[in-house]
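Chemist: Here is the input, now give the coordinates:
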Amino acid sequence: MIPANPPNAARERYVRNIIAVWRSATADQEQRGRAWYRTAHELADMMTGGNPQAGAGVIAALSANKSWSENIRLARQACESGLSGGHFTDALTKAAKILAGADPTEVLPMTRKTGHFYRCIANPSDPDAVVIDRHAHDIAVGETYGNRDRGLSNPRRYTALAHCYREAAMRLEELPSTVQAVTWVVHTERLAGTGTRRPRTGP
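Modeler: Sure thing, here's the model as predicted:
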């Protein structure tokens, strides 16, 4: 597990790792990564009949430990007829509150991955939000951790890695979420090529 507060030399290495993966993207991978959160925003808008913030909140609330296809399936079901199962009680409760009119920012843990996922989907042009999941961690660290604990529940470790993505984005003159999404596509497709894991369809 990396330090919760990595030294400056380590942070610089993480930034360079992120930039290296970004620069290795094919034109197709870059295009798909750039479109990812915009497409997710359109889905959030569609499934709520014109309320992308609520849709993004429901998607984010139901995202933990789910593939993108399963995440969307559950979110659509929640929006159309409600959910009584298929996820942790906490996730179902959060989604129900958002659909009942609660502000997602008051329901979701906004300083953690779920909150940032909401922000990226609700506003794909958000200049600050960045999702740090296990793949974003491994891209920055330059090592595939597999099932090892990455310690991303520690807010300082999450913040440190998010800062590295923001720094990489600044150097590349891109949004942090765009850098995360494009590098995510590159990294997960590399993993799929090794047979390490079954590919998912989104960050």
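Chemist: Please name the residues that touch P52.
Modeler: With contacts defined as C-beta atoms under 8 Å, 6 or more residues apart in numbering, the neighbours of P52 are H41, A44, D45, I121, A122. Where C-beta positions appear, they are placed from N, C-alpha and C, glycine not excepted.
Chemist: Can you tell me how far the residue nearest to R76 when sequence neighbours are not counted is from N154?
Modeler: Once flanking residues are discounted, R76 sits nearest to M47: 5.3 Å by C-beta to C-beta, 6 or more residues apart in numbering. Here the distance between M47 and N154 works out to 33 Å (C-beta to C-beta, to the nearest Å).
Chemist: tell me the phi and psi of the residue nearest to R76?
Modeler: phi -70, psi -10 (degrees, to the nearest 10).
Chemist: is it true that it touches G57?
Modeler: No: in this structure, M47 is not within contact of G57 by C-beta atoms under 8 Å, at 11.4 Å.
Chemist: Neighbour count: these two, which is higher?
Modeler: Each of M47 and G57 has its neighbours counted (other C-beta atoms under 10 Å); G57 has more, 32 against 21.
Chemist: Now for the more buried one: which residues touch it?
Modeler: Shown in contact with G57 (C-beta under 8 Å, 6+ apart): K94, A95, I98, P104, V107, L108, Y118, A122.
Chemist: Can you give me every residue that contacts the first one?
Modeler: By C-beta under 8 Å, 6+ apart, K94 lies in contact with G57, A61, V107, L108.
Chemist: What's the first helix or strand after whichever strand or helix holds the first one?
Modeler: Same thing as G57. In the assignment (DSSP states H and E), G57 maps to helix 52-61. As assigned by DSSP H and E, the chain's next helix or strand after helix 52-61 is helix 68-81.
Chemist: how about the very next helix or strand once past that following helix: buried residues?
Modeler: Heading C-terminal from helix 68-81, the first helix or strand you meet, by DSSP H and E, is helix 89-99. For helix 89-99, burial by neighbour count (16 or more other C-beta atoms under 10 Å) applies to A91, L92, K94, A95, A96, K97, I98, L99.
Chemist: pLDDT (mean, whole number) over stretch 64-79?
Modeler: Average pLDDT, stretch 64-79: 93.
Chemist: Cheers, nothing more for now.
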